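Chemist: I'd like to go over a predicted model; first the sequence, then the structure.
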Amino acid sequence: MSSTPTAPALETRTLEVPGAVLTYDVRPGPPGAPVLLLVGSPMGAEGFGTLAGYLTDRTVVTYDVRGAGRSRRTDGAPTNTPEEHADDVSAVIDAVGGGPVDLFATSGGAINALTLVARRPEQVRTLVAHEPPVVRYLPDAAEASAATHAVADAYRQGGTGPGMAAFIRLVSHRGPVTAELAGPAPDPAGFGLPSEDDGSRDHALLAQNLIPSAHAEFDVAALRAAPTRVVVAVGAGSEGELAHRGGEGVAAALGTAPVVFPGDHGGFMGGEFGQVGEPEAFAARLREVLDGEVPGSGVPDGGAPDDAA
């Protein structure tokens, strides 16, 4: 059994952007190594510690999204949009050399990264967009939208416990979203969550990012025309869940087939936030995709890779 490798020492830096001061980390690879950004949202750099340890042949860059972790907003805005996050990722890329870089983006980070590639494709060589939990590309988009708004309503009305209980119920549901998921939030105690309301309403997920992120709409024509190789990824262990289905919907809109990665939505994790996936196998799959060793990854159905791929 192989052991978890030790990641290179971090170089932590800050970057001032419109409306925020971002904190990002650089793990230098060997001289001349390609740059790989690992991006989540609202999860920040902390969630990629194990995965980065398996990617020491690359210079790995991670960052905390605005309003979460070590990155603070300076404009007082209550919500963040995918466009703002895309601009932040673009600024980080510029700060580490300007690209083109490879980009692995998961969950809300995948939504932000797809938004970036539609606007600044020259910055990204290959994008692996892992399980973007976006509702517009689902056949049950109206029901999924209503259920997502119900999560936000539960948070506004009762605080973190009810909001997270409703969120977990939604994202762990398998299959088409039903009307029940737009109903009252379940008891937080059933999920090991507190019922007490501390009065705060600035949660990075539930207040700042959930609604704008889940309802993002991509410039599909720009993504299809981009020189960037866009690979949509889904987890082998998350079939039927909202984020997995979101990935399938985005891939279909792009005319590609999703690439299956080991594990579920957190398949890259090695104990971060209590989630244990299959990080070594996940990293191996990611390297295969980045190196172009997975047949058809990012290629339109029935098509062939172009020169830029």
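Modeler: Noted; the coordinates are in hand. Because the structure is a prediction, the values reported are computed rather than measured.
Chemist: now stretch 233-241, how far from the centre of its chain.
Modeler: Relative to its chain's centre, stretch 233-241 lies at 14 Å (C-alpha atoms, centre = their mean, to the nearest Å).
Chemist: List the buried residues of that stretch.
Modeler: 233, 234, 235, 237, 238, 241 (16 or more other C-beta atoms under 10 Å). In short, each C-beta sits where N, CA and C put it, glycine included.
Chemist: Mind jotting down where the strands sit in the chain?
Modeler: Assigned by DSSP state E, the strands in the chain fall at 11-17, 20-27, 35-39, 59-63, 72-73, 101-106, 124-130, 229-235, 259-261.
Chemist: Other residues contacting the shortest one?
Modeler: Okay, so that is strand 72-73. With C-beta atoms under 8 Å, 6 or more residues apart in numbering as the test, strand 72-73 has contacts from 19, 20, 21, 66, 67, 80.
Chemist: make it 10 Å
Modeler: 14, 19-23, 64, 66-67, 80, 84, 202, 208 (C-beta atoms under 10 Å, 6 or more residues apart in numbering).
Chemist: Select only the buried ones of the residues you listed in ChimeraX?
Modeler: Paste this into ChimeraX to select the buried members of the contacts of strand 72-73, with burial taken from 16+ other C-beta under 10 Å:
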select :19,20,22,23,64,66,67,80,84,208
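Chemist: List just the nearest of the buried residues of stretch 233-241 to residue 176.
Modeler: Distance ranking of the buried residues of stretch 233-241 against residue 176, using C-beta to C-beta, places residue 241 first at 11.5 Å.
Chemist: ok, back up a step: nearest to residue 196, of the contacts of strand 72-73?
Modeler: For the contacts of strand 72-73, the residue nearest residue 196 by C-beta to C-beta is residue 202; the value is 16.7 Å.
Chemist: isn't the closest one right up against residue 78?
Modeler: Yes. In this structure residue 202 lies within contact range of residue 78 using C-beta atoms under 10 Å: 7.3 Å.
Chemist: Residue 284 touches residue 54, doesn't it?
Modeler: Yes. Using C-beta under 10 Å, residue 284 and residue 54 qualify as a contacting pair, with a distance of 7.7 Å.
Chemist: which of the two has more neighbours?
Modeler: residue 54 (22 against 14; other C-beta atoms under 10 Å).
Chemist: Tell me how many other residues crowd the nearest residue to that one once chain neighbours are set aside.
Modeler: In space, and not counting its chain neighbours, residue 54 is closest to residue 283: 3.5 Å by C-beta to C-beta, 6 or more residues apart in numbering. Here the neighbour count serves as a burial measure; for residue 283 (other C-beta under 10 Å) it reads 22.
Chemist: Spatially, which residue comes closest to residue 123, not counting chain neighbours?
Modeler: Leaving aside its chain neighbours, residue 123 sits nearest to residue 99 (4.0 Å; criterion: C-beta to C-beta, 6+ apart).
Chemist: which residues does the one you found contact?
Modeler: For residue 99, the contacting residues are 35, 37, 90, 93, 120, 122, 123, 124, 125, by C-beta under 10 Å, 6+ apart.
Chemist: Equivalent analysis for residue 289, please.
Modeler: Shown here is residue 289, whose contacts under the criterion C-beta under 10 Å, 6+ apart are 102, 104, 126, 128, 229, 231, 233, 259, 261, 297, 298.
Chemist: any weak-confidence spans in the stretch 1-150 of the chain?
Modeler: Counting by pLDDT under 70, the stretch 1-150 of the chain shows low-confidence ranges at 1-8.
Chemist: And the closest residue to residue 144 other than its chain neighbours, its phi and psi?
Modeler: Spatial nearest neighbour of residue 144, excluding adjacent residues (C-beta to C-beta, 6+ apart): residue 135 at 4.0 Å. Dihedral pair for residue 135: phi -90, psi -20, per degrees, to the nearest 10.
Chemist: Would you check that residue 135 makes contact with residue 249?
Modeler: Yes. When contacts are counted by C-beta under 10 Å, residue 135 is listed as touching residue 249 (8.6 Å).
Chemist: so what sits against both of these two?
Modeler: Common contacts of residue 135 and residue 249 (C-beta under 10 Å, 6+ apart): 141, 144.
Chemist: List of residues touching stretch 136-143?
Modeler: When contacts are taken as C-beta under 10 Å, 6+ apart, the neighbours of stretch 136-143 outside the stretch itself are 134-135, 144-147, 175-182, 214-218, 220, 242, 245-254.
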